[in-house]
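In: Starting from these lines, generate the structure:
(one chain, ligands or ions: 2)
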Amino acid sequence: MLRLPGFAYLQPKTLKQALAMKADAGPDAAFVAGGTDLYPNMKRRQQTPERVISLMGIKALRRIRGDSGDSGLVLGAGVTLSELANHRRIRSAYPAIRLSAQSISTPILRNMGTLGGNLCLDTRCNYYDQSYEWRKAIDFCMKKDGKICWVAPSSPRCWAVNSSDLAPVMVALDAQYVVVGPSGERVVPAGRFYHNDGINYLTKQPDEILTGVRLPVPNGWDATYLKLRRRGSFDFPVLGVAVWIQWDGATVRAARIVLGAVASYPQEVPDAAQAIIGSALEDDAIEGAAQAAFKPSKPMDNTDFGLSWRKEMTRTFVKRALQELRERRR
Ligand SMILES: Cc1cc2nc3c(=O)[nH]c(=O)nc-3n(C[C@H](O)[C@H](O)[C@H](O)COP(=O)(O)OP(=O)(O)OC[C@H]3O[C@@H](n4cnc5c(N)ncnc54)[C@H](O)[C@@H]3O)c2cc1C
Ligand code: SF4
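Out: Residues are numbered from 1 along each chain as shown. Ligands and ions are numbered 1, 2, ... in the order given. Take a look at the predicted model:
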């Protein structure tokens, strides 16, 4: 059995206290929310903070605001995945978020895991998500303690995968993330919160806290999310497809198509969106978008299933997502 290393557990009640604790501890401290990602990583010694600062006692992070019906919602980063998936207005107005949140891990982990933790999830790789002894036996990789990438040994960068289910949906919706740090608050479009780099995967600084997510007003657009994985009951995605469409009567005025779990960031594919703009999602437009998404989808051999089959499934899943949105419009 893997055991947690020793650490001090701090419980701030306000954001100000949390930021002060982080400033005091510097790189030796990590924020934690539900702990469903950080604690397994600590057991595997991928992260070894001496102080862990829990965000769960900060009430301001635990709310969903703007439930009046005519405004976009503001989701607190500390809202659990279960609260998110079961929220009345999320269920009625943001089906892509509901689908994504309720597909994450298991009911018990969804009661613990939070929106913020999901959006800041560490990137994943078969050579990294292993015990310390396993990683030591093959010699560590550059993401932690080593110098080489075992997936692409001649590569100067890490290709670990962004496996968050909610991140591609937030990028497709063009949600705005609210981040607070020592120099105040800033708002970042979801698409600019992620780097295509398995080690430096967030543009957020380590001493910044994601406090919430502003969703767009649900007027005239629709979105969905499809997830590929081995076991429907609890696996991480090996491919996620999030699609957002702004309708203008029967035709598509604007669109965003985002792939999850095939790169170190949620990968937007503008050419695929371009293929359906101006169409009524006829079969040939959908085929064009599926083909345009297939081309840049380049999964690496570091998660479940064969990479060429996962790439092929990009075409299938984009097609299915667009067909679903077309059926809903009829
Ligand atoms: C068996 C299993 C299956 C899983 N399946 C899936 C899956 O299918 N899909 C999926 O997306 N995830 C999955 N997960 C991962 C995880 O459970 C979820 O992503 C969850 O939402 C993480 O949230 P958390 O609050 O527990 O994160 P934590 O573990 O608390 O934190 C994760 C990271 O985010 C940082 N962080 C947390 N909150 C904030 C904040 N507000 N501001 C700044 N930094 C913050 C932490 O410092 C840490 O680095 C799975 C995990 C397990 C163990
Ligand atoms: S992609 Fe390479 S460097 Fe990154 S975690 Fe995997 S083996 Fe390590």
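In: For the chain, list the residues in contact with ligand 1, please.
Out: Within the chain, the positions lying close to ligand 1 (Cβ under 6 Å from any ligand atom) are 30-38, 40, 55, 77, 81, 104-105, 109, 112-114, 116-118, 120-122, 163-165, 209-210, 234-236. No exception for glycine: its C-beta is placed from N, CA and C like everyone else's.
In: Can you list the neighbours in contact with the longest helix along the chain?
Out: With secondary structure taken from DSSP state H, the chain has its longest helix at helix 307-329. With Cβ atoms under 8 Å, 6 or more residues apart in numbering as the test, helix 307-329 has contacts from 222-226, 228, 238-239, 241-243, 245, 247, 250, 257, 259, 262, 272, 276, 280-281, 286-287, 289-291, 293-294, 297-301, 303.
In: Which members of the residues you listed are classed as buried?
Out: The neighbour count (16 or more other Cβ atoms under 10 Å) marks 222-226, 228, 238-239, 241-243, 245, 247, 257, 259, 262, 272, 276, 281, 286, 289-291, 293-294, 297, 299-300, 303 as buried among those.
In: I'd like the list of those residues that fall within strands, please.
Out: The strands, defined by DSSP state E, take in 222-226, 228, 239, 241-243, 245, 247, 257, 259 from the buried ones among the contacts of helix 307-329.
In: Show the contacting residues for the residue nearest to Ser103 when sequence neighbours are not counted.
Out: Spatial nearest neighbour of Ser103, chain neighbours left out: Lys227 (5.1 Å); criterion: Cβ to Cβ, 6 or more residues apart in numbering. The contact partners of Lys227, taken as Cβ under 8 Å, 6+ apart, are Ser100, Ser103, Asp165, Pro237, Leu239, Gly240, Val241, Gly260.
In: Go again with 7 Å.
Out: Residues near Lys227 by Cβ atoms under 7 Å, 6 or more residues apart in numbering: Ser103, Asp165, Pro237, Gly240.
In: Show me the shaky parts of the stretch 51-200 of the chain.
Out: Scanning the stretch 51-200 of the chain for pLDDT under 70 picks out 67-69.
In: Show me which residues of it are close to ligand 2?
Out: 125, 127-128, 141-143, 149-151, 158-160, 198.
In: Kindly reformat the residues you listed as TSV containing secondary structure and neighbour count.
Out: Formatted as TSV, these follow (DSSP: H, G, I helix; E, B strand; the rest coil; neighbours: other Cβ atoms under 10 Å):
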residue	secondary structure	neighbour count
Cys125	coil	23
Tyr127	coil	19
Tyr128	coil	25
Cys141	strand	22
Met142	coil	18
Lys143	coil	20
Cys149	coil	22
Trp150	coil	18
Val151	coil	19
Cys158	coil	23
Trp159	coil	21
Ala160	coil	28
Gly198	coil	27
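In: Redo the residues you listed as TSV? Include distance to Met313.
Out: Below are those laid out as TSV (distance: Cβ to Cβ, whole Å):
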residue	distance to Met313
Cys125	20
Tyr127	23
Tyr128	23
Cys141	27
Met142	29
Lys143	26
Cys149	25
Trp150	24
Val151	20
Cys158	24
Trp159	19
Ala160	20
Gly198	22
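In: Which two of the residues you listed have the greatest separation?
Out: Using Cβ to Cβ, the two most remote members of those are Trp150 and Gly198, lying 11.9 Å apart.
In: near ligand 2, which residues of the stretch 201-330 of the chain show up?
Out: Proximity of the stretch 201-330 of the chain to ligand 2, by Cβ under 6 Å from any ligand atom, involves residues Asn302.
In: Please report phi then psi for the residue of the stretch 201-330 of the chain found nearest ligand 2.
Out: Closest approach between the stretch 201-330 of the chain and ligand 2, counting by Cβ to the nearest ligand atom: Asn302, at 5.2 Å. The phi and psi values for Asn302, taken as degrees, to the nearest 10, are phi -140, psi 10.
In: name the element whatever residue of the stretch 51-200 of the chain ends up closest to ligand 1 belongs to?
Out: Scanning the stretch 51-200 of the chain for proximity to ligand 1 using Cβ to the nearest ligand atom identifies Gly117 as nearest, at 2.0 Å. Gly117 belongs to helix 115-119 when assigned by DSSP states H and E.
In: The ones in strands among the buried ones among the contacts of helix 307-329 into TSV, with extra columns for pLDDT and distance to Lys13?
Out: What follows is these, written out as TSV (pLDDT from 0 to 100; distance: Cβ to Cβ, whole Å):
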residue	pLDDT	distance to Lys13
Asp222	97	40
Ala223	98	36
Thr224	98	38
Tyr225	98	35
Leu226	98	40
Leu228	97	41
Leu239	97	40
Val241	98	40
Ala242	98	35
Val243	98	40
Ile245	98	42
Trp247	97	45
Ile257	98	41
Leu259	98	39
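In: Not counting its neighbours along the chain, what's nearest Ser131?
Out: Arg44 (5.4 Å).
In: returning to what we had before: list only those of the residues of the chain next to ligand 1 flagged as buried.
Out: Buried subset of the residues of the chain next to ligand 1 (neighbour count, 16+ other Cβ under 10 Å): 30-38, 55, 77, 81, 104-105, 109, 112-114, 116-118, 120-122, 163-165, 209-210, 235-236.
In: No further queries at this time; thank you.
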